[in-house]
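[1] Return a 3D structure for these sequence lines:
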Amino acid sequence: MAAVTYGNAKKADVVAINGSKAVTLEVKSTAEPKWVLGGVVPAATEGFWILVFLPPDSTLPPEYYVLSAKELRGIVLPEHVEYTERYRVKHGKEFTGKGVVSVRREQVLAALGAWSKVLAAVGT
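    Numbering: from 1, shown residues only. Predicted coordinates:
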């Protein structure tokens, strides 16, 4: 079972439930070659991120990339660390802003259709 959450203060877009087990799903979609994830590097929670790619050709189906929050953090954190180091060197001070955290499609290709991760987490 899945429940969509609404509002501005939600912790996830969807909650997937199987009996007494539940996982959160954060969903981002794009027709561009990257997804903007927000202003901070995602936390290494027990939840999942579903990255939906909408092909420019509307006759093609969407692509679903399924990553654990830990996997996604492992992809974007090194680039964020490199960015903040370059900023410090260039400006002589630490980066304190939120910035824009994103992930490129080629970085997540291995997660295409990996729904088994979510199914395993809810015990199916």
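[2] Packing partners of the lowest-mean-pLDDT helix or strand in the chain?
    Ranking every helix and strand in the chain by mean pLDDT, DSSP states H and E puts strand 2-4 at the bottom, with a mean of 79. Under the contact criterion of 3 or more C-beta pairs under 8 Å, 6 or more residues apart in numbering; DSSP states H and E, strand 2-4 touches strand 14-18. From N, CA and C alone the C-beta is placed, and that goes for glycine too.
[3] So what's the gap between the strand it packs on and the chain middle?
    17 Å (C-alpha atoms, centre = their mean, to the nearest Å).
[4] Could I get the average pLDDT for it?
    Average pLDDT, strand 14-18: 87.
[5] Can you point out the buried residues in that strand?
    Under the neighbour-count criterion of 16 or more other C-beta atoms under 10 Å, strand 14-18 has Val14, Val15, Ala16 buried.
[6] Understood, closing this out.
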